[in-house]
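# Provided below are the primary sequence and the corresponding predicted coordinates.
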Amino acid sequence: MTLQEFQDDIRAGIPDRLPAVKPYDKQINHAPRRKDILSEEEKVLALKNALRYFPQKHHAVLAKEFAEELEKYGRIYMYRFRPDYEMYARPIEEYPARCKQAAAIMLMIQNNLDKAVAQHPHELITYGGNGAVFQNWAQYRLTMKYLSEMTENQTLVMYSGHPMGLFPSHPMAPRVVVTNGMVIPNYSKPDDWERFNALGVSQYGQMTAGSYMYIGPQGIVHGTTITVMNAARKRFNKERKDARGMLFVTSGLGGMSGAQPKAGNISGVVSVVAEINPKAAQKRYDQGWVDELHTSLDELIGRIRKAVADKEIVSLAYVGNVVDLWERLAKEEINVDLGSDQTSLHNPWAGGYYPVGLSYEASNKMMTEEPVRFKECVQESLRRQVDAINKLTARGMYFFDYGNAFLLEASRAGAAVMGEGGRFRYPSYVQDIMGPMFFDYGFGPFRWVCTSGKPEDLAETDRLAAEVMEEIRKTAPDEIKGQMEDNIHWIKEAAKNKLVVGSQARILYADCEGRTKIALAFNEAVKNGKLSAPVVLGRDHHDVSGTDSPYRETSNIYDGSNRTADMAIQNVIGDSFRGATWVSIHNGGGVGWGEVINGGFGMVVDGTAEAETRIREMLFWDVNNGIARRSWARNDGAMSAIRREMERTPGLRVTLPNMADVELIRSALKH
């Protein structure tokens, strides 16, 4: 397809003539068949909803076709309308657009659907089993058409993948406003998602899937590296002063979890990651994100012993069920140093977790045909998994929940995960590491994408970011110098670690000062030609301010507010009028539908004075909103960070907590 044909296809939107039916590509990793949850009348409504994208002259053909999709897959994806062109992030100038901001968003959307990046690209799912960019291909085509027509005086409104339309606005307004899964709270259970999604009226946007900000597994590898490095440091003693020879065991090689073996290598440990889906494991191996694939536990156990004894830095994948792996490690009494889990337990009944004793294919069949029995199998599997983990922690393993709802779903299954005071016996990584060491000080997963698509532009941004961070380090307070050192090391080694999958992107944990100064350096570099095209700034929603999630991002908030969502909502509102190019707010993400509210942004940095204003105003709010909230929760690091920010920022006045004597309170309650 020529560039002109590609651009014409984008501008056409939903074609007036029906394209040919697409063959079902068995080489692609497809989503499992979804639960048959709709009543007969609801199925009528689902088809009626799907057909409203098309003129009546096509209804006779499409009604039958969509009915077959709903029956066969549990959803209407409209496969026929999947474009013929290759899906990947093209250089920004190749997109047919009336403004650069719209072209940048088109680039980001296509990256989320690139088959090298997305978990189930033909079902428009980027990661996490159900993290969708759109619900169907008609929505994709219509959205891209609107973006090609958009001016700087319009805003595109997105309702759970559906483009509601272009509305008049102004140049400083967001070009796109995204909501995903924003349902009435009483209708926010997993089966509600299944029903609404099957009807075509809502979707699970995960975090960066539905907000067009996913950058492949690199997007989580920095945070995973920080977590593994600091978890390993918890095991240091007089005899052991580095991570070499430590054994880290976990699961998942999907869209997000696929970062784990790379993070293990960067951290210097022996990592073993179980993955039940052979295609997912092979994909990560082919991309160089895991060193070895093993299908035999007998062979793997011997390989583990040798790797640990030789203090190798190596990542091993077990293509099989994680419970079999944990039970074998416990039986063999192998000394595991670090343990975690990244199965998609936010989605336990629809492909997020595969129970032990069933093949991958058998599980996919049972989850749709016998959902009650499948749930029983999942819960039994979780009980067995926890029993094996408990045996290994009794021998000294440090286990942490990686925010995927593992402990939550295990507790609901009756597994032995509860400790004293009704709390889980194991911490989440946010409670022990990410929260007190990073989020409370404003450090979080800042990221950027070079819209030129040129590796040399990415290399220049790496250089600029390292230069900025090293300058900040000179005057950084002692309490954050360790974080600064780790992050400077990360950015200097990033190119060597071959992290790019899809767009020319980078992630770097940075605080407000770091993010702002790096962004300003990029803006200047675009202005003076050192960077050949604009840069898109963003972050994971898993950040200081963007997400309210009691089992992950806000799990280290102990004032009782960890189940409120004011922070995430305030954040997206504040970002929208301070200069974001696009904003998003989602129900679900990471730990599950109904368990979290999370939001994000994208900002196009184009070398202008307007971009400089946006950077200074929006990034400041995007970080300090969360620090202020964490400070009010009496988190020591956050109180220190917000005091420091008030000293250097005229106009910032944050309410600080007064500390109460708990014994005085207890005494008062007795009288």
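All right, it came through fine.

# Could you verify my assumption that residue 167 touches residue 155?
Yes: using C-beta atoms under 8 Å, residue 167 is in contact with residue 155, at 5.4 Å. The way it works is simple: take the backbone N, C-alpha and C, and place the C-beta from them, glycine included.

# Now stretch 330-349: buried residues?
330, 334, 336-349 (16 or more other C-beta atoms under 10 Å).

# now stretch 464-473
For stretch 464-473, using 16+ other C-beta under 10 Å, the buried residues are 464-466, 468-469, 472-473.

# Residue 167 and residue 155: who's more crowded?
Remark: of residue 167 and residue 155, residue 155 carries more neighbours, 19 against 11, as counted by other C-beta atoms under 10 Å.

# Roughly how far does the more buried one sit from residue 537?
19 Å (C-beta to C-beta, to the nearest Å).

# Quick one: neighbours of residue 183, just the number.
A count of neighbours around residue 183, defined by other C-beta under 10 Å, yields 18.

# Run through the residues that contact it.
Counting by C-beta atoms under 8 Å, 6 or more residues apart in numbering, residue 183 touches 192, 196, 202, 587.

# Let's see which of these end up in strands.
Judged by DSSP state E, strands contain the following of the contacts of residue 183: residue 587.

# Look at residue 316 and tell me its secondary structure.
The three-state label given to residue 316 by DSSP: H, G, I helix; E, B strand; the rest coil is strand.

# count of neighbours near it?
22.

# Give the buried residues for the strand or helix carrying residue 298.
Residue 298 belongs to helix 297-309 when assigned by DSSP states H and E. Neighbour counts over helix 297-309 (16+ other C-beta under 10 Å) mark 297, 300-301, 303-304, 307-308 as buried.

# ditto for stretch 376-384
377-384.

# residues near residue 622, how many?
The number of residues packed near residue 622 is 32, by other C-beta under 10 Å.

# whoops, residue 73 was the one
Residue 73 has 19 neighbours, counted by other C-beta under 10 Å.

# where are the low-confidence patches of the protein?
Within the chain, the ranges that satisfy pLDDT under 70 run 255-256.

# Kindly list the longest strand within it.
Longest strand in the chain, counting by DSSP E: strand 597-605.

# residue contacts, the nearest residue to residue 263 once chain neighbours are set aside?
Ranked by C-beta to C-beta, 6 or more residues apart in numbering and with sequence neighbours excluded, the top spatial neighbour of residue 263 is residue 224, at 3.8 Å. By C-beta under 8 Å, 6+ apart, residue 224 lies in contact with 259-260, 263.

# measure the nearest residue to residue 79 once chain neighbours are set aside to residue 544 for me?
Closest residue in space to residue 79, ignoring its immediate chain neighbours: residue 22 at 5.1 Å, by C-beta to C-beta, 6+ apart. In this view, residue 22 and residue 544 are 43 Å apart by C-beta to C-beta.

# any idea how far residue 603 is from residue 411?
For residue 411 relative to residue 603 (C-beta to C-beta), the value is 39 Å.

# higher neighbour count, these two?
Ranked by neighbour count (other C-beta under 10 Å), residue 411 and residue 603 place residue 603 first, with 29 against 17.

# before we move on, the earlier item: in TSV, list the buried residues of stretch 376-384 along with secondary structure.
Compiled in TSV, those are given as follows (three-state DSSP):
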residue	secondary structure
377	helix
378	helix
379	helix
380	helix
381	helix
382	helix
383	helix
384	helix
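
# Return the member of these nearest to residue 8.
residue 378 (47.4 Å; C-beta to C-beta).

# quick one: contacts for the residue lying closest to the closest one once chain neighbours are set aside?
Spatial nearest neighbour of residue 378, chain neighbours left out: residue 355 (4.9 Å); criterion: C-beta to C-beta, 6+ apart. Counting by C-beta under 8 Å, 6+ apart, residue 355 touches 321, 323, 363, 374, 377-378, 380-381.
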